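> Let's see this in three dimensions:
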Amino acid sequence: MTGPVRGRRLLDGRYEIDTTPLGRGGMGEVYEGRDIRLEREVAVKFIRFPSDADQAERAEMVRRFVRESRITAELQHPGVPAVFDAGSGADKRPYLVMQRIHGVSVSDLLAEQERLSVGWAAAHGASLVHRDLKPSNLMLESSGAVKVLDFGLAVALDRTDISQITKTGHTPGTPEYMAPEQLMAGMTTPHSDLYALGCVLYEMLTGMRLFTASTPFAVASKQANERPGDVRSVRPDVPAELAEVIGALLEKRPEDRPGDAVQVYGRLIGFADGLGPIPGVLGPSSVPEPQRMYAAALSRVLASATAPTTSATPEPPQPSGASEPAVSPQAGRERIERAREEVADLVGASRYRQAAETLRGAVADAAAAFGHTDPEVVDLRLEWANILFEGGDFRQAGPLYAELAGDLAREPGREQSLVFRCRLQDATCQALTGETARALELLRALLEDELVAFGAEDQRTLELRRQIGLLELGAGRREAAEATLAELREDLVRLHGERHPAVAQIDGVLQGTG
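Reported below is the predicted structural model:
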């Protein structure tokens, strides 16, 4: 095999990549390259370690990068670059090989065009939801298709409890496109995506950012405290209905925004018509292009599709053979052990979906043989919920935690700490899926029980009070949050004194709410 061309290096004998990166992000850098085996262009993303990161921090970053790579690879969506391969280079840095996207970012497009037509702004916004949504992460291809970059970093939340959702001081993102709950409480939910979408739509229509200031802190303060102006005050030709959608997206309280991205899509798609060419970027629709041709054909199919018939398709007959022979207790325990070993291997390879499916079957078999509250079955159930959580499937993990907590609470002599832990994780799942009101309800009920079990001065109850205050703040319930945190501050000063780090942290949060 010949060596790489000048200015390039060969990675794992297959990928010829440039020596200069295309761009750098929070924890990665991307290089343009070519798969010499399949003769196609690729983009190769490497993890990037901070210069001051120690060995443990680097190991954790590698774990997260591999996890994010798995999650990204599972995203089968035309708006997300495809993932082709993953591995580790000679320097042991993990890398991800992705589809190479050609086009112009929306940020560059705005720099050239100043602002976009109403139709184009609506078309782009209607198709995208992203936890780090901003113009530089949106790439417009010559076909008119939009790709979202850095999607893996956006979806791969790494949360182990509410305290991490609500920790302050290290919230990644760009303040100009971050929701108030992200900036004030470090909490990101699907409703935060919608706020960022509102910021992007405002900028695409007006050519100006929603809020600007001389420092990131000042921008964050405006995002948290100032009401955004009406887009029509800057651009009167924007339809009132579209301005209303943008205003709803930019509500300060997450629960006041639209319910989900599907609702927003339904309200925006009607404006995505009359899409003319964009000079120098997107040619006229008369120019043949495969994606446009496919979209046109698909629209005809969908438009002419008849409603489904009311007759239901019968379920396939179930096998009527003899049931499986009963398994001895020893064999059942051995099955559990084998399943756990298999799951450990899958998790070690960040194959969370397969690990969860393996545990689903193992839990069903073990519960049938030994009961749902058998100690080993409890361990399997908890591991199943934890793996779903670790893989980012919070909607499935939450009910598993809640069910396990309920079963254990009814068992006499069970350790309360595990019940409380499962209840906390259930609340965490609710918060991460945007169900903030339900999360707060669960946390307050948990606090009542922890006060009885541990007392008011126990570190666990004090920490739970802090988490509740920060979650209230992130949900836009400022008065309630200030009351919760101020009362907590008084107790912390009484117990530990004015100079305790926890007091300083509360002071910082309270000062930021003014």
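
> per-residue confidence at T433?
pLDDT recorded at T433 is 81.

> Skip the chain neighbours and tell me the closest residue to it.
F394 (5.1 Å; Cβ to Cβ, 6 or more residues apart in numbering). From N, CA and C alone the C-beta is placed, and that goes for glycine too.

> Look at the one you found and say how many residues are nearby.
Here the count is done by other Cβ atoms under 10 Å, and F394 has 22 residues near it.

> cool, and A355?
Neighbour tally, A355, other Cβ under 10 Å: 25.

> mind listing what it touches?
A355 is in contact with V343, L346, V347, I387, G391, counting by Cβ atoms under 8 Å, 6 or more residues apart in numbering.

> ok, of these, which one's closest to G13?
L346 (27.5 Å; Cβ to Cβ).

> The closest one against L359, yeah?
No - proximity of L346 to L359 does not meet the contact threshold set by Cβ atoms under 8 Å, at 9.5 Å.

> So for these two, which sits in the more crowded spot?
When neighbours are counted by other Cβ under 10 Å, L346 and L359 differ, and L359 comes out ahead with 26 against 19.

> And for that one, nearest residue in space, chain neighbours not counted?
In space, L359 is closest to W384, 3.9 Å off (Cβ to Cβ, 6+ apart).

> Quick check: the gap between the one you found and E74.
Distance, W384 to E74, by Cβ to Cβ, to the nearest Å: 18 Å.

> Have a look at the two and say which one is more surrounded.
A count of neighbours by other Cβ under 10 Å puts W384 above the other of W384 and E74, at 23 against 14.

> part of a helix, is the more buried one?
Yes - under DSSP: H, G, I helix; E, B strand; the rest coil, W384 falls within a helix.

> Low-confidence ranges, the stretch 51-200 of the chain, go.
71, 75, 77, 112-114, 116-132, 142-145, 150-172 (pLDDT under 70).

> Now do the strands in it.
83-88, 94-99, 104-105, 138-140, 146-148 (DSSP state E, counting those that start in this stretch).

> What residue spans form the domains of the chain?
8-99, 104-274 (automatic domain parsing).

> Could you single out the most deeply buried of those?
domain 104-274 (a mean of 19; mean count of other Cβ atoms under 10 Å).

> rewinding a little: reformat the strands of the stretch 51-200 of the chain into a markdown table and put distance to I47 next to each item.
Below are those laid out as a markdown table (distance: least, Cβ to Cβ, whole Å):
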| stretch | distance to I47 |
| --- | --- |
| strand 83-88 | 10 |
| strand 94-99 | 5 |
| strand 104-105 | 23 |
| strand 138-140 | 22 |
| strand 146-148 | 20 |
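
> Ok, which of those comes nearest R63?
strand 94-99 (9.6 Å).

> Give me the angle between the closest one and strand 83-88.
Put simply, strand 94-99 runs at 160 degrees to strand 83-88, going by axes from the mean of the first three to the mean of the last three Cα atoms, to 10 degrees.

> strand partners of strand 94-99, parallel vs antiparallel please.
Here strand 94-99 has these sheet partners by DSSP bridges: strand 40-47 (antiparallel), strand 83-88 (antiparallel).

> which outside residues touch the first one?
The list of residues contacting strand 40-47 from outside it, by Cβ under 8 Å, 6+ apart, reads 11, 15, 17, 22, 27-35, 61-62, 65, 81, 84, 89, 93-101.

> Which of these fall in helices?
Judged by DSSP state H, helices contain the following of the contacts of strand 40-47: M61, V62, F65.

> What's the separation between the last one and F389?
F65 sits 19 Å away from F389, going by Cβ to Cβ.

> Tell me if I'm right that P135 and E203 touch.
Yes - judged on Cβ under 8 Å, P135 makes contact with E203 at a distance of 6.5 Å.

> Need the residues touching each of the two.
L110.

> Helices of the stretch 251-400 of the chain, residue ranges please.
Taking DSSP state H, counting those that start in this stretch to define them, one finds helices in the stretch 251-400 of the chain at 261-268, 290-304, 329-348, 352-370, 375-390, 394-409.
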